[in-house]
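Could you look at this predicted model? Sequence included:
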Amino acid sequence: MEEYMELVVGCYEQVLFGYRVHREGEQWLSSADFTHHAHTASLSVVAVNNRFVATGSKDETIQIYDMKKKVEHGALLHHNGTITCLQFYGNTHLLSGAEDGLICVWNTKKWECQQTFKAHKGQVLSLSIHPSGKLALSVGTDKTLRTWNLVEGRSAFIKNIKKNAHIVQWSPSGDKYVVVIHDKVDVYQLETAAVIGTINNPKRISSVQFITDALIAVAGDEEVIRLYDTASQKCVCEFKAHENRVKNLHVFELEETHIVVSSSSDGFVKMWGIDTEKVKTPPSLFCEVSTSARLTCLSVWLPSAVDHKEEANRDVTASTVKDCDRPKKKMTQSKTAENKEAGETQVIHKKRKLETKQKKKKPMK
């Protein structure tokens, strides 16, 4: 099967870019697949599952795109303020957070807002869903780290922290998580909810991504990406990735190869191959894309990816896909008891094709 993926990046210029990347032998080839004027303000966050891409913006909306049909699927209007974080859980749910302090749980079968949490007194800065889908973590401008019981739809635990954290992230196994405050990464053990170590980065951290439970990639306000051992909190490798500061990281595994994708203020998106058996060796640069834009957010869409949790629950997946294949209505509205106070939720369905660019595929430098 062809190794194929889509680099999806957003920018200050309100545009969503898609770059198709595939492998032929030992060479990675690319082509510009689409550009789309996604929002009326700069994009702030992008998330993917194996069918949809969701983008959040300073225009207070979440736009949903059907990547298999290359059409707009709809707009979610619920939040007030910039959308700050988005994360899919498999094919069933999407969580969103914003400057209004709310976290919304969206059912992706009918795109209804199932639950609204008044998560933080200030802004929600980051959220992360546990691999089991039962818990979520969030941090905000009220100097708290909050745990959410997604099964019962309630707050489970609140931890006061000394400063505002701007990133929270679960490990792949869910046994630990990290909380980022400026240039420090606190590593927590789930069982004890205690800090087991702290990673000190030279510059303010812009993005962190677990490669494995034992290895984490950290990018900050500099051209360097560092790989840290989560047990010893020591840097095991660092390499110059860009000509300007690194803004975003995204990590995924393809054919047993760990890949780190980075985007920078220099307008480039790069793919790096990580050999976890030789972590002290600088990674291989697989390919790079020049967007000539001021990039703000990054993700990777894998059309062949199937979430293992969804594979174990084929009935849920089948009903979700079936519903998405039905003809779209121009507009549907839904109200729930939880969102009456926050206002009416509108799910606006559109069917406008993304602008595609047909370019000759050529090797990337």
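Nice, thanks for sending it over. Numbers count the residues shown, from 1 in each chain.

tell me which element residue 95 falls in.
Assigned by DSSP states H and E, residue 95 falls within strand 93-98.

elements contacting that strand?
With contacts taken as 3 or more CB pairs under 8 Å, 6 or more residues apart in numbering; DSSP states H and E, strand 93-98 sits against strand 52-57, strand 83-89, strand 102-107, strand 124-129. All C-beta atoms are positioned from the backbone trio N, CA, C, and that covers glycine.

And the last one, what does it pack against?
Taking 3+ CB pairs under 8 Å, 6+ apart as contact, the helices and strands that strand 124-129 lies on are strand 83-89, strand 93-98, strand 102-107, strand 135-140, strand 167-170.

repeat for the longest one
Contacts defined by 3+ CB pairs under 8 Å, 6+ apart place strand 83-89 against strand 43-48, strand 52-57, strand 93-98, strand 124-129.

For that strand, the averaged confidence score.
When pLDDT is averaged over strand 83-89, the result is 97.

ditto for the last one
Taken as a whole, strand 124-129 has a mean pLDDT of 98.

Parallel or antiparallel, list what pairs with it.
strand 135-140 (antiparallel) (DSSP bridges).

The partner strand vs strand 83-89, what angle?
In terms of direction (axes from the mean of the first three to the mean of the last three CA atoms, to 10 degrees), strand 135-140 departs from strand 83-89 by 170 degrees.

Distance from the chain centre to the next helix or strand after strand 135-140, please.
Remark: after strand 135-140, the chain's next helix or strand is strand 144-149, criterion DSSP H and E. Here strand 144-149 is found 19 Å from its chain centre; the criterion is CA atoms, centre = their mean, to the nearest Å.

Quick check: buried residues in strand 144-149?
Within strand 144-149, the residues scored as buried using 16 or more other CB atoms under 10 Å are 144-148.

Need the contact partners of it.
103, 117, 119-120, 134-140, 154-161, 165, 168, 179 (CB atoms under 8 Å, 6 or more residues apart in numbering).

between it and strand 102-107, how big is the angle?
Going by the same axes, to 10 degrees, strand 144-149 makes 30 degrees with strand 102-107.

Parallel or antiparallel, list what pairs with strand 144-149.
strand 135-140 (antiparallel), strand 154-160 (antiparallel).

CSV for those, including mean neighbour count, distance to residue 83 and mean pLDDT?
Formatted as CSV, those follow (neighbours: other CB atoms under 10 Å; distance: least, CB to CB, whole Å; pLDDT from 0 to 100):
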stretch, mean neighbour count, distance to residue 83, mean pLDDT
strand 135-140, 25, 14, 97
strand 154-160, 12, 21, 94
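
By mean pLDDT, point me to the weakest helix or strand of this protein.
strand 331-334 (a mean of 28; mean pLDDT, DSSP states H and E).

if you go through the protein in chain order, where are the helices?
Assigned by DSSP state H, the chain shows helices spanning 308-311, 314-324.

Dump the helices and strands packed on strand 93-98 to TSV, plus distance to residue 272 and mean neighbour count.
Shown next, in TSV, are those (distance: least, CB to CB, whole Å; neighbours: other CB atoms under 10 Å):
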stretch	distance to residue 272	mean neighbour count
strand 52-57	22	25
strand 83-89	23	23
strand 102-107	32	22
strand 124-129	23	22
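
hang on, the earlier thing: can I get the buried residues of strand 144-149 in JSON lines with distance to residue 38 and pLDDT?
Shown next, in JSON lines, are those (distance: CB to CB, whole Å; pLDDT from 0 to 100):
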{"residue": "144", "distance to residue 38": "32", "pLDDT": "97"}
{"residue": "145", "distance to residue 38": "31", "pLDDT": "97"}
{"residue": "146", "distance to residue 38": "30", "pLDDT": "97"}
{"residue": "147", "distance to residue 38": "32", "pLDDT": "96"}
{"residue": "148", "distance to residue 38": "28", "pLDDT": "96"}
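
Could you identify the pair within these that is furthest apart?
Across the buried residues of strand 144-149, no pair lies farther apart than 144 and 148, at 12.1 Å, counting by CB to CB.

Would you mind listing the outside residues contacting stretch 163-177?
Residues outside stretch 163-177 that contact it (CB under 8 Å, 6+ apart): 125-132, 137-143, 145, 178-182, 187-191, 196, 205, 207-210, 212-213, 230.

Only whichever of the residues you listed are buried, select them in PyMOL.
Burial among the contacts of stretch 163-177 is assessed by 16+ other CB under 10 Å; the matching PyMOL selection reads:
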select buried, resi 125+126+127+128+129+130+137+138+139+140+141+142+143+145+178+179+180+181+187+188+190+205+207+208+209+210+212+230
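
Would you mind listing where the stretch 201-350 of the chain has pLDDT under the threshold?
304-350 (pLDDT under 70).

what sits against residue 60?
When contacts are taken as CB under 8 Å, 6+ apart, residue 60 is in contact with 77, 79-83, 98.

one more time with 6 Å
Residues near residue 60 by CB atoms under 6 Å, 6 or more residues apart in numbering: residue 79.

before we move on, the earlier item: in TSV, list the helices and strands packed on strand 124-129 along with distance to residue 39.
Formatted as TSV, those follow (distance: least, CB to CB, whole Å):
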stretch	distance to residue 39
strand 83-89	9
strand 93-98	14
strand 102-107	18
strand 135-140	23
strand 167-170	23
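
Looking at those, which is nearest to residue 43?
Here strand 83-89 is closest among the helices and strands packed on strand 124-129 (CB to CB), at 9.1 Å.
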